[in-house]
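Participant: what's the 3D shape of this:
(one chain, ligands or ions: 2)
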Amino acid sequence: MPAQLLDGNALARQIRSELTTEVAEFIENNGVVPALAAVLVGGDPASQVYVRNKRRDCEEVGINSTLHRLPETTTQDELLNLIARLNRDDAIHGILVQLPLPPQIDSRAILEAVSPNKDVDAFHPENVGLVVQGQPRFLPCTPAAVQQILVRNNVSIAGQHVVVVGRSDIVGKPLAIMLAQRGPGADATVTLCHSRTPDLGAFTRQADILVAAIGKPKFITADMIRPGATVIDVGINRTDAGLVGDVDFEAILPVASRITPVPGGIGPLTRVMLLVNTLTAARQLEM
Ligand SMILES: Nc1nc(=O)c2c([nH]1)NC[C@@H]1CN(c3ccc(C(=O)N[C@@H](CCC(=O)O)C(=O)O)cc3)C=[N+]21
Ligand SMILES: [Mg+2]
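Facilitator: Numbers count the residues shown, from 1 in each chain. Ligands and ions are numbered 1, 2, ... in the order given. Next comes the predicted model:
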């Protein structure tokens, strides 16, 4: 039997419909519409697509979204000024500064300038620290998407061996910490592998749940999968053949028990987590 598809589009649709109700209730109780400000510097085509989809998602659930487009030549001070204005704006609950930023801008300084209370990406050091301590204000969107696709498909996590490949600050590192945390949707035994891990396959073949977050098309091959494993593909690689994940989907399909597709897997759910965090931010700021 081929692996079961873990359908991120369907789950994203379901969670958006739950959020539509919650947002309407929030508006009724508070007389305020949750609002997300996205900041896009320069014209990276992938970022344009992402921001466009995100705005459509906001509209669907009743969240206000504003887009601040700045030229590729924007200076660090200009961007810091915009962030300071958005931090002070009581009508804005969430702020997202789309990455990557142009080279003249120090990304770290920008992420630290976003008010931690409006930091719906959970990139600010205070929010990273709270996640590590198991007291999250916001969960980082892609790691939260991975956790939710497992939980909502009744894939057991507690006591399972999760092998995460990729140690980025945005995905691999926080995900490893979240799944090793005490409590529901977690309690996993986690191995965090990366580009300097020797004999990667020896680790991945031990995984009950394998998460690929490397950023290299079809990097994870069928021989690296334990038969019956659950495979979560976080990769979004734009190739001549279209969008391709970090796993060799076709070859792994007959080996795994469950697998996420690309597109239609973790990507749309990542966007939903941004909506969840924006509503959380609005609740925390308005109550
Ligand atoms: N501050 C910041 N926060 C981010 O969360 C962030 C970012 N910067 N910079 C770029 C990356 C990338 N990212 C994606 C999210 C969803 C899809 C997504 O929805 N993908 C669709 C396909 C979309 C398409 O067709 O291009 C899918 O997988 O089905 C893709 C990429 C968020 N990122
Ligand atoms: Mg990503």
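Participant: so who does the closest residue to ligand 1 within the chain touch?
Facilitator: Across the chain, the shortest distance to ligand 1 (CB to the nearest ligand atom) belongs to Gly267, at 2.2 Å. Any C-beta I mention is one placed from the backbone N, CA and C, and that applies to glycine too. Residues in contact with Gly267 (CB atoms under 8 Å, 6 or more residues apart in numbering) are Gly8, Ile236.
Participant: pretty sure Leu96 is in a strand, no?
Facilitator: Yes - if the criterion is DSSP: H, G, I helix; E, B strand; the rest coil, then Leu96 is within a strand.
Participant: was I right about it contacting Ala37?
Facilitator: Yes - in this structure, Leu96 is within contact of Ala37 by CB atoms under 8 Å, at 7.3 Å.
Participant: re earlier: please identify which helix or strand holds the residue of the chain closest to ligand 1.
Facilitator: helix 266-286 (DSSP states H and E).
Participant: Quick check: closest non-adjacent residue to Thr260.
Facilitator: Nearest residue to Thr260, sequence neighbours excluded (CB to CB, 6 or more residues apart in numbering): Leu6, at 4.7 Å.
Participant: er, Ile157 actually
Facilitator: For Ile157, the spatially nearest residue (CB to CB, 6+ apart) is Ala188, at 5.0 Å.
Participant: what's near enough to touch that neighbour?
Facilitator: Residues near Ala188 by CB under 8 Å, 6+ apart: Ile157, Ala158, Gly159, Gln160, His161, Val162, Leu179, Ala180, Ile209.
Participant: so where does the closest residue to the third one other than its chain neighbours fall, helix or strand?
Facilitator: By that I understand Gly159. Leaving out its chain neighbours, the residue that sits closest to Gly159 by CB to CB, 6+ apart is Asp187, at 6.5 Å. For Asp187, there is no host helix or strand (DSSP H and E).
Participant: what's the answer for Arg52, then?
Facilitator: helix 45-61.
Participant: could you give the angle of the very next helix or strand once past that helix to helix 266-286?
Facilitator: On the C-terminal side of helix 45-61, the closest following helix or strand by DSSP H and E is strand 64-70. Interaxial angle of strand 64-70 relative to helix 266-286 (axes from the mean of the first three to the mean of the last three CA atoms, to 10 degrees): 110 degrees.
Participant: Around ligand 1, which positions in the stretch 51-200 of the chain sit nearby?
Facilitator: Remark: the part of the stretch 51-200 of the chain in contact with ligand 1 comprises Asn53, Leu96, Val97, Gln98, Leu99, Asp121, Cys141, using CB under 6 Å from any ligand atom.
Participant: so which of those residues comes closest to Glu286?
Facilitator: Set against Glu286, the nearest of those by CB to CB is Leu96 (19.0 Å).
Participant: number of nearby residues for that closest one?
Facilitator: Per other CB atoms under 10 Å, the neighbour tally for Leu96 reads 24.
Participant: again with Arg52
Facilitator: Arg52 has 12 neighbours, counted by other CB under 10 Å.
Participant: Check the one 3 residues further on too.
Facilitator: By the other CB under 10 Å criterion, the neighbourhood of Arg55 contains 16 residues.
Participant: gap between it and Leu67?
Facilitator: Going from Arg55 to Leu67 by CB to CB, to the nearest Å gives 6 Å.
Participant: quick revisit: for the residue nearest to Thr260, give me its contacts.
Facilitator: Neighbouring residues of Leu6 by CB under 8 Å, 6+ apart: Ile149, Asn153, Val155, Thr230, Ile232, Arg258, Ile259, Thr260, Pro261, Gly265.
Participant: Show me just the buried residues among those residues.
Facilitator: Neighbour-count burial (16 or more other CB atoms under 10 Å) applied to those gives Ile149, Val155, Thr230, Ile232, Arg258, Ile259, Thr260, Pro261, Gly265.
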